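A.B. asks: sequence and predicted structure, then a few things I'm wondering about:
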Amino acid sequence: MDLNLLRLIVELHATRSVSKASEALQLSQPATSSALGRLRRILGDPLFVRGRGGMIPTPRCEQVVTAAKQALSMIDNAIQTPTEFDPKTAQRNFLVTLSDIGEMVFLPRIMAHLARVAPQCNLKSKALTVKELPEAMENGSTELAIGFFPDLERPGFYMQRLFEHNFVCLVRKDHPRVKGNKVSLATFLDLPHAVVEPEGRSHELFEQVLKSKGISRRVQLNIPHFMSVPAIISATDMIVTVPQAVAQYFLRLEGLRMVQLPIKTRSYLLKQHWHAKLHTDPALKWLRGEVAQLFVDYDTGLKKQVKKHFHPRSH
């Protein structure tokens, strides 16, 4: 039994005619009659008998045609390649992974955009460890990873640059030892530090810079999440080094001040990553394009904000 035989019995049932079925399936009448003979032998039933209205289906034929229609419909739906994704009418749940920085930086802009252009689409953000993420993307339980994920730069994955990032410091507004928008290296090293060590691992870049320069500092507090930073820094004399976007986000809150690092560091890239198996999926191609457009000028705007903060007279 092959798919062509199933299509034949469905067409014969619909037309009640070998000649019409032959024309619809682009077969010769002898080929159609031969195929009908194969079907009768395989199923052990005449399937059709002659009557006034043409070929009359037997009960066994009715049973097989019902099952064949369902099977062919499932197969056709599975093998047809969707040509486009219409965000205005689509109902789709997108599965993404972001660090807690990513949720602060990316999600507000992405969700506001989805509400406008894809109102029936939803997004679920999944927290995964560095070890869990590659397998989750391979099996499709996560469709897109946005942020700093250097472990995904491997065969079988695609990536796209979104924007460039750097580090700054945060202290409380009335810090007794840090005046203005700068902190000296001596003061920076003497102050107690809070260090955030999230799963995203961007903090490792800054730690590598310190190590390469032979610089050590007193780490008074290690924490795994950024969200507790404002409350801790505004209530203590500690200093914390964070990505620029995080600092800009926290400056909306009272009691914090952003200061320049006294150490020169290299910027790093935030990217979106996806597995090759989902590269041609129309819905995900659309989402990746929207994310890229949303953040294409983000680093330029961020640099302008930081420059304006540190050099207000030049603006």
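C.D. replies: Received, thanks. Numbering: from 1, shown residues only.
A.B. asks: now the helices for the stretch 151-300 of the chain?
C.D. replies: For the stretch 151-300 of the chain, the helices defined by DSSP state H, counting those that start in this stretch cover 185-190, 203-212, 229-234, 244-250, 282-294, 298-310.
A.B. asks: which stretch among these comes nearest residue 13?
C.D. replies: helix 282-294 (34.1 Å; C-beta to C-beta). Every residue, glycine included, has its C-beta placed from N, CA and C.
A.B. asks: could you say what helices and strands that closest one packs with?
C.D. replies: Taking 3 or more C-beta pairs under 8 Å, 6 or more residues apart in numbering; DSSP states H and E as contact, the helices and strands that helix 282-294 lies on are strand 93-98, helix 107-117, strand 144-147, strand 157-165, strand 268-275.
A.B. asks: buried stuff in that helix?
C.D. replies: Within helix 282-294, the residues that qualify as buried are 283, 284, 286, 287, 288, 290, 291, counting by 16 or more other C-beta atoms under 10 Å.
A.B. asks: residue 250: which of the residues you listed is nearest?
C.D. replies: For the buried residues of helix 282-294, the nearest to residue 250 is residue 291 (23.3 Å; C-beta to C-beta).
A.B. asks: can you give me the distance of that closest one to residue 131?
C.D. replies: 25 Å (C-beta to C-beta, to the nearest Å).
A.B. asks: what does residue 235 give?
C.D. replies: Taking C-beta to C-beta, one finds residue 235 at 35 Å from residue 131.
A.B. asks: what's residue 227 sitting at in phi/psi?
C.D. replies: Per-residue torsions, residue 227: phi -60, psi -20 (degrees, to the nearest 10).
A.B. asks: let me see the contact set for it.
C.D. replies: By C-beta atoms under 8 Å, 6 or more residues apart in numbering, the residues touching residue 227 are residue 100.
A.B. asks: same check, this time on residue 278
C.D. replies: Here residue 278 is in contact with 140, 143, 284 (C-beta under 8 Å, 6+ apart).
A.B. asks: if we go to 6 Å?
C.D. replies: Counting by C-beta atoms under 6 Å, 6 or more residues apart in numbering, residue 278 touches 143, 284.
A.B. asks: do residue 170 as well
C.D. replies: For residue 170, the contacting residues are 233, 240, 247, 256, 258, by C-beta under 6 Å, 6+ apart.
A.B. asks: lowest mean pLDDT among the helices and strands, pick that one out for the protein.
C.D. replies: When the helices and strands of the chain are scored by mean pLDDT, DSSP states H and E, helix 298-310 comes last with a mean of 62.
A.B. asks: quick one: the strands in the stretch 51-200 of the chain?
C.D. replies: With DSSP state E, counting those that start in this stretch as the criterion, the stretch 51-200 of the chain has strands at 54-57, 93-98, 122-125, 144-147, 157-165, 167-172, 192-196.
A.B. asks: closest one to residue 7 among those?
C.D. replies: The closest of the strands of the stretch 51-200 of the chain to residue 7 is strand 54-57. By C-beta to C-beta, the value is 15.6 Å.
A.B. asks: name the nearest of the contacts of residue 170 relative to residue 196.
C.D. replies: Closest to residue 196, out of all of the contacts of residue 170 and judged by C-beta to C-beta, is residue 240, at 6.9 Å.
A.B. asks: burial measure for that closest one, as a count.
C.D. replies: Residue 240 has 25 neighbouring residues, counting by other C-beta atoms under 10 Å.
A.B. asks: can I get stretch 239-254 as CSV, trimmed to CA atoms?
C.D. replies: C-alpha atoms of stretch 239-254 as CSV (Å, rounded to 0.1, in the frame of the first residue of the first chain):
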residue,chain,number,x,y,z
ILE,A,239,30.6,49.5,44.7
VAL,A,240,29.4,47.2,41.9
THR,A,241,30.5,46.8,38.3
VAL,A,242,27.6,46.0,35.9
PRO,A,243,26.9,46.2,32.2
GLN,A,244,25.9,49.6,30.9
ALA,A,245,22.3,48.7,30.1
VAL,A,246,21.8,47.4,33.6
ALA,A,247,23.2,50.6,35.1
GLN,A,248,20.9,52.7,32.9
TYR,A,249,17.9,50.6,34.0
PHE,A,250,18.8,51.0,37.7
LEU,A,251,19.3,54.8,37.4
ARG,A,252,15.5,55.1,37.1
LEU,A,253,15.4,54.2,40.8
GLU,A,254,16.3,56.6,43.6
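A.B. asks: distance from it to the middle of the chain?
C.D. replies: Chain-centre distance of stretch 239-254: 25 Å, with C-alpha atoms, centre = their mean, to the nearest Å.
A.B. asks: could I get the buried residue list for the longest helix seen in the chain?
C.D. replies: Using DSSP state H, we find that the single longest helix of the chain is helix 59-79. Of all the residues in helix 59-79, those buried under the rule 16+ other C-beta under 10 Å are 61, 64, 65, 68.
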